[in-house]
Every structure is written in structure tokens, then in C-alpha cells.
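Chemist: Provided below for reference: sequence and predicted model.
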Amino acid sequence: MKISINQAPQYEGEEVTIGCWLLQKRGSGKIQFLQLRDGTGFMQAVAVKAADEDLFAAAKGLNQETSMYVTGTIKADERSSFGYEMEVSGIEVIHEAEGYPITPKNHGPEFLMDNRHLWLRSRKQHAVMNIRNQIIRSTYNFFFENGYKKIDPPILTSSSPEGTTELFHTKYFEEDAFLSQSGQLYAEAAAMAHGKVFSFGPTFRAEKSKTRRHLIEFWMIEPEMAFYNHEDSLKVQEEYVEYLVTDVLEHCRLDLEALGRDTSVLEKIQAPFPRITYTDAIELLKEKGFDDIEWGEDFGAPHETEIANHFDLPVFIVNYPKEIKSFYMEENPEDPRTVLCADLIAPEGYGEVIGGSQRIHDYDTLKQKIVDNGLDLAAYEWYLDLRKYGSVPHSGFGLGLERTVAWLSGVQHVRETAPFPRLLNRLYP
Ligand code: 4AD
Ligand code: MG
């Protein structure tokens, strides 16, 4: 019977065959332990010399990453977190790997990134991708369960919602085009047709940032809701994030364990999340001894980390100054220097995972903002149309997938959270 490793618990006591690779091996003169992986999981197989000398010799001679069919009996094994192991009765090598470059010793990040196509096979990288997959699945579940429709915005665009300095230019036949920075403007149009929508796709920022939080290409989940004010949107954000955390804790136990993630910090995450205004956050930073920031300036990573540490939970920083936020954000009636927006800052130094706001729905105000921001009115005519024909208050936000994966997995750098990350100076592999 051919099975996969994740099916092993159903076959306790039975002889089965698994198509797999050799992750690692260790052993003594009498017993050989093989760490098998098949994509669905990881399991230890054991060959004992006294039981079968030829088989023992074959197991001992296997190279790392050799592909094979391994046959044996599934046994319960309390010592492993997986709970099962295999007593080997046969090994059929498919392809013998030789000189696999990633050995159990430590390698530097550049070497590992050059070998990303192989590094993906490691226990930890496999765990990170599993967590990424869980977040993707939970995202669809959350929004579909709550009555949202998925709308796919274009990737080749003529607009620049998040400022013109970080655009990837390309030719669109005779015209100029940009790779999408955000699907938001299109999601807004879709919300006027469908009420509650979300987009989930790749976005691009030609940002010359080389930090542990920045990718050039990343995936963003962007919900947009007609008739929702900023407060309503914050509620969706905290419910969504709580939902993601709960699902990852429930379904990715072995992965979190393989990553050595301290889950106690995740277990206490429950909506509602604390909130602090930008203005109060500036005060807080000053009290904590930061004298390198003044009202009106944007926060850097150390500021965000300090604020998040203060709360030790995901925290919304609300109502930033207009000048440092995007043109489409609605003015805050209680403090017109600021806008109705929030960034959600993850704890433990993972930084901003969500940016969101209520959108300007008055035609004249929005038109003026487009002009003031030096944007080409002709390119935004369609966007302004949304304020011409039955305009309504609406709000939305964008959650960065890779930053969320980094945070929940506990990995230090977003380069480990995309299968093939695009980074400053890295387009290979
Ligand atoms: O704050 P941002 O730029 O917001 C928007 O793009 C809005 N249009 C979203 C909306 O309201 N629909 O980006 C949103 C999120 C950030 O909070 C962050 O998680 C992620 O996208 N992000 C990045 N992730 C990785 N690398 C980068 N260079 C990122 N830039 C933004
Ligand atoms: Mg932002």
C-alpha cells in the first residue's frame, strides 16, 4: 500500500510504502535512523542490523536527498512529536543524490538564498511555507464566511495609489504602465458593485529598502467595504487577525514546534486590540527618551517596535498626519491635521502588518487631493467617477502576507516567507 507520511497514523501496525527523500541520517554500528520527508510530513525510519544486514548496509549508504520508495511497518513512537515511525523492511532507490550543497552544518544567508530552490526542502523552510498556506486558506475562509467576494485587480496598471517614487515602470505597447503597488483603487470600484470585496494578489514596490521587513514583490490581502466607516473597518481587521492567529495555532502545531516558535505570545492575541493615536504615540516615544522624532514625521522601525513592546500585543496606531499618508484618506473631523487611518503594528518587532483607512468619498475633495499630490487627473478619472454616481462612505485595508507569515512563524526576515523572494539585488533563483 502506497501512502503519504501524513497518512501514517491511519496505518499503525501495517506495512506500507512511502515515496520520499532522505532528509538526514544518523546511526551507530547496530542501528540506522533515517529522517524521511515526502512533502506532507517528516518521519523517522529505523533499520536494525540484527534484523537484516543487507538492508542495514543499504540504509547506511544512502546520501542526503536521495529519492526512494521505503517500505516498512508503521509503529507508534511517543518520543517524536509526530507520534509515529517506520520499521524499515525494504528500500528502493529512485535517484541517488550526490554532494547535496545544503548540509546539516550552518550556512550563511546569501548561500542559502542562492540555493533557495533547494533550501525550500529543509524542515524549517517547509514549516514556514505550511504556515503561509494556512494563512492563505484562513484568509479565504474568513472573507467568504463573512460575505465578501474576491475581486482580482489588474497587475499592469496606469495608477499609483501609494506614491510615485516606488513604481516599477514597464512598456504597455506604446503606453507607459506600472506594476501594481496595491489593488485598492480597483477594489473600491468593485465595492461599489458588490458591497464587500477583497483582493489577494502580488504587489510591487521599487523600494530601495534593504531591511528584514521589505520585499520588492509581496502579496497583499485588500478588503474594501461600502458603507463601512473607519471604526467598522478596525473591527474587521482585528477579527481577521485573531482568526488567522487562532487557525495557525490550531493547524500548524508541528510547524511552530519545528521553528521553535514561542506560542505563548500568540495565544494571548484576542480582539479588541489596543489603540493609540499618532499624536499620543509621539508623546509616548518622547517619554521613553526618543528625541529623534517630531510630530509630522513618519515612524521608523525602532519607533514602531518601542510602541508595540509597550503594549505587548498587536496595536493600532490611528490618525497619522495627512502629509505622511496617501492622497485618498478621509480627513479626521476631530483633528483635521490628521486622517482616518490606522497601521496595525505586530508585537516582537515585526512592524506594520496592516495599513488601512476610510476613503474620501466627496468628489471635489478627492479631485483636489489628486491635483495637490501631483497626480495626472486623466489617469484617475475612473476613480473619481466612483464619487460621482452614488458615492458612499467606505473603508478598507491591506494586510501584507509575508510580514504576517514572518510574525506568526517567528522568523526574523521576510526573505524566508516567500517561496522565491524578490529582494533588492536578488532576482535569482
Ligand atoms: O501600508 P501599505 O502601503 O498600504 C496600501 O498599499 C493600501 N493601499 C492598502 C489598502 O488600504 N488597501 O501596505 C499595506 C501592507 C503593509 O502594512 C505591509 O504589511 C505590507 O503591505 N507591505 C510590505 N510587505 C513587504 N514588503 C514591502 N515592501 C511592503 N510594503 C507594504
Ligand atoms: Mg503602510
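Modeler: Arrived safely. Ligands and ions are numbered 1, 2, ... in the order given.

Chemist: leaving out the residues flanking it, which one is nearest to the most far-flung residue of the chain relative to its centre?
Modeler: Distance from the C-alpha centroid of the chain, by CA atoms, centre = their mean, peaks at Ala50 (48.1 Å). In space, and not counting its chain neighbours, Ala50 is closest to Lys30: 6.9 Å by CB to CB, 6 or more residues apart in numbering. Placement of C-beta: from N, CA and C, glycine included.

Chemist: is it true that the residue farthest from the centre of the chain touches Gln32?
Modeler: No: contact status for Ala50 versus Gln32: not in contact, 11.8 Å apart, counting by CB atoms under 8 Å.

Chemist: about what we covered before: look at the residue farthest from the centre of the chain and give its secondary structure.
Modeler: Under DSSP: H, G, I helix; E, B strand; the rest coil, the three-state class of Ala50 is coil.

Chemist: let me know the pLDDT of it.
Modeler: For Ala50, the pLDDT comes out at 96.

Chemist: excluding its backbone neighbours, what's nearest Ser80?
Modeler: In space, and not counting its chain neighbours, Ser80 is closest to Gln44: 6.2 Å by CB to CB, 6+ apart.

Chemist: flag every buried residue along the host helix or strand of that neighbour.
Modeler: Here Gln44 is covered by strand 42-48, with elements defined by DSSP states H and E. For strand 42-48, a neighbour-count test (16 or more other CB atoms under 10 Å) marks Phe42, Met43, Gln44, Ala45, Val46, Ala47, Val48 as buried.

Chemist: now, which of the residues you listed sits nearest Gly349?
Modeler: Gly349 lies nearest to Phe42 out of the buried residues of strand 42-48, by CB to CB, at 29.3 Å.

Chemist: quick one: pLDDT of the closest one?
Modeler: pLDDT, Phe42: 97.

Chemist: what parts of the stretch 251-400 of the chain come near ligand 1?
Modeler: Counting by CB under 6 Å from any ligand atom, the residues of the stretch 251-400 of the chain close to ligand 1 are Glu352, Val353, Ile354, Gly355, Gly356, Gly396, Phe397, Gly398, Gly400.

Chemist: now do 5 Å
Modeler: Glu352, Val353, Gly355, Gly356, Gly396, Phe397, Gly398, Gly400 (CB under 5 Å from any ligand atom).

Chemist: any idea how far the nearest residue to the fifth one once chain neighbours are set aside is from ligand 1?
Modeler: Read that as Gly396. Excluding its sequence neighbours, the residue lying closest to Gly396 (CB to CB, 6+ apart) is Glu224, at 3.6 Å. Going from Glu224 to ligand 1 by CB to the nearest ligand atom, to the nearest Å gives 7 Å.
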